[in-house]
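S.K.: my questions concern the predicted model and sequence given below.
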Amino acid sequence: MPVPPTADPPPVTVSIVSHGQQALIGPLLDDLDRFCAGVVGKVVLTVNIPEPEALAGRAWRFPVERIANAAPKGFGANHNQAFAHCATPWFLVLNPDIRLDGDVLSPLLALAQERTGLLAPRILEPGRTAPEPHRRLITPREILTRRKPGYTAPAVPDWIPGLFMLLRSRAYADVRGFDERFFMYGEDFDLCARLRLAGWSIRIGEDLLARHEAQRASRRSLRHLGWHVGSLLRVWSSGAFRRYRRLLARENSAQQ
């Protein structure tokens, strides 16, 4: 059922970036309109590369503010640019290929505590009956073992992928958003690490699901694979990675 409007202004600005994906974004906007219109203040749609207009003449119960880039930007740069148009307490980074079967935003917002900087639902990938496992700290060993038998996912995630990130605007501003030195891949881990290091928490709606119609470009394109590998090397050489690794080690030690 659609979310009824409230007396308070809708608390969420949604940022979606299109790379020739407006045909995907139309159904996503329909999902947001059907299930989450009561909490969505506006959608900032960034058109990153020239593409045919597929949304002209369509309307939703929230405004859609369009940004057309003169030249393509990276993932983090696009969402940082959209955040400059955000005047709401929450900022949702959303992939074009996410699909919703109900309102996940209102229940997520209800989970927020004072120092919650990032909220997310569980993600269901195509052909799967169970959501994606939570992510451990990215290391070469973790990458090599995560798909092997016997791998144990953590009970709580060390980071979450950037396809659905409901960020407290104050927290996002506190860490100055995404690091734009990452063109694509790695910036989501880096943001999670810097949020945690700044004292913000990550909280997951364990009973809430969003579907991901995954594109998996890095598995198809050598160019994307190169970006992915380069981003991992940048992650592992960063001070944030080293500090976050020490923080997680202290937390794990305290729990034992």
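M.R.: Nice, I can see it. Being a predicted model, the structure only gives us computed values, none of them experimental.
S.K.: for the protein, which helix is longest?
M.R.: helix 239-255 (DSSP state H).
S.K.: for it, which positions count as buried?
M.R.: 240-241, 244-245, 248 (16 or more other CB atoms under 10 Å). Glycine gets a C-beta too; all of them are placed from N, C-alpha and C.
S.K.: for those, which two are the farthest from each other?
M.R.: A240 and L248 (12.3 Å; CB to CB).
S.K.: any residues in contact with both of the two?
M.R.: Both A240 and L248 lack any common contact, where contact means CB atoms under 8 Å, 6 or more residues apart in numbering.
S.K.: mean confidence (pLDDT) on the longest helix of the chain, please.
M.R.: Taken as a whole, helix 239-255 has a mean pLDDT of 92.
S.K.: over to stretch 202-220?
M.R.: 80.
S.K.: do the same with stretch 138-154
M.R.: Rounded mean pLDDT across stretch 138-154 is 84.
S.K.: rewinding a little: now for the longest helix of the chain, which elements pack on it?
M.R.: helix 187-197 (3 or more CB pairs under 8 Å, 6 or more residues apart in numbering; DSSP states H and E).
S.K.: apply 10 Å and report the result again.
M.R.: helix 187-197, helix 222-236 (3 or more CB pairs under 10 Å, 6 or more residues apart in numbering; DSSP states H and E).
S.K.: output that helix as CSV, nothing but the C-alphas.
M.R.: What follows is helix 239-255, C-alpha atoms only, in CSV (Å, rounded to 0.1, in the frame of the first residue of the first chain):
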residue,chain,number,x,y,z
GLY,A,239,45.2,5.0,5.9
ALA,A,240,41.4,4.5,6.4
PHE,A,241,41.8,0.8,5.6
ARG,A,242,44.6,0.3,8.1
ARG,A,243,42.8,2.2,10.9
TYR,A,244,39.5,0.4,10.2
ARG,A,245,41.3,-2.9,10.3
ARG,A,246,42.7,-2.1,13.7
LEU,A,247,39.2,-0.9,14.9
LEU,A,248,37.6,-4.1,13.9
ALA,A,249,40.4,-6.2,15.6
ARG,A,250,39.8,-4.3,18.8
GLU,A,251,36.0,-4.8,18.6
ASN,A,252,36.4,-8.5,17.9
SER,A,253,38.9,-8.9,20.8
ALA,A,254,36.5,-7.1,23.2
GLN,A,255,33.7,-9.5,22.2
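S.K.: gap between the two ends of stretch 207-225?
M.R.: 33 Å (CA to CA, to the nearest Å).
S.K.: and stretch 55-72, what's buried?
M.R.: Neighbour-count burial for stretch 55-72 [16+ other CB under 10 Å]: 55, 60, 62, 64, 67.
S.K.: just stretch 80-91 next, same as before
M.R.: Going by 16+ other CB under 10 Å, stretch 80-91 has these buried residues: 80-83, 86, 88, 90-91.
S.K.: which of the buried residues of stretch 55-72 sit farthest apart?
M.R.: Greatest spacing in these, by CB to CB: W60 and I67 (17.2 Å).
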